[in-house]
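Undergrad: need the 3D shape of this:
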Amino acid sequence: MAIHITGDAAADQVLTDDPFALLVGMMLDQQYPMEHAFRGPAKVLDRFGTLDPERIAAADPEEFTALCSTPPAIHRFPGSMAARLQELARIVADEYDGHAERIWTEAADGRDLMKRMQALPGFGKQKAQIFVALVAKQLDVRPAGWEKAVGDYSLDGYRSVADVVDGASLQKVRDYKKEKKAAAKAQV
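TA: A predicted model of the protein is given here:
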């Protein structure tokens with residue numbers, strides 16, 4: 001199934017074709033608009049020539065940071081994200097033989113998958129839950145107990161990146177975030 005997150009057909013194709021790209025896009029989805037974060041892997045591919053985790057991990061850190069910082073940068077904080085991306089690549093190369101999909105396809109159950117995700121740089125509990133829901137809903141990777149592990153993100157129509165990929169509009173996600181922010185301010 002094709003993934004549609006970025007609004008850019010070429011960037012979405014990179015996410016569809018490469019599990020590491022999808023993982024990187026989710027990692028970059030922090031303090032940065034989601035659709036821009038998920039365009040990051042395509043930028044790296046265009047500039048670096050590959051998304052091979054071993055080659056990214058082995059790249060000169062200064063040169064890789066410069067590549068990630070070239071406008072348009074991969075993130076609003078390109079230096080720290082370039083370092084985080086190289087660390088993510090090292091983990092995928094060392095622990096999963098360069099195959100990011102092994103993180104989710106070889107998980108024993110939902111708890112194990114959450115543990116694997118949270119061991120990655122930039123993946124706290126919520127981001128891990130969203131990503132597990134994304135691979136469940138889009139890639140049909142549903143280890144036993146995944147619904148319990150991700151909580152409300154497993155529900156149909158729950159507004160998260162998993163549901164944007166599942167067909168909900170970006171505007172609905174933005175509206176939901178605004179509603180939550182307004183409700184939080186009203187409680188203060």
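
Undergrad: so in this structure, where's the weakest helix or strand by average pLDDT?
TA: The helix or strand of the chain with the lowest confidence, counting by mean pLDDT, DSSP states H and E, is helix 161-165 at a mean of 53.

Undergrad: report pLDDT for residue 119.
TA: Per-residue pLDDT puts residue 119 at 98.

Undergrad: below-threshold pLDDT in the protein: ranges please.
TA: Within the chain, the stretches with pLDDT under 70 are 157-178, 180, 188.

Undergrad: could you rerun that using 90?
TA: 1-5, 31-34, 137-138, 152-188 (pLDDT under 90).

Undergrad: tell me where it has helices.
TA: With DSSP state H as the criterion, the chain has helices at 9-17, 19-28, 34-37, 40-48, 53-58, 61-69, 78-96, 102-105, 110-118, 125-139, 146-150, 161-165, 170-187.

Undergrad: other SSEs contacting the second one?
TA: So that's helix 19-28. Applying 3 or more C-beta pairs under 8 Å, 6 or more residues apart in numbering; DSSP states H and E, we find helix 19-28 packed against helix 9-17, helix 34-37, helix 40-48, helix 78-96, helix 125-139. For the C-beta atoms, the positions are set from N, CA and C on the backbone; glycine is no exception.

Undergrad: alright, that wraps it up for me.
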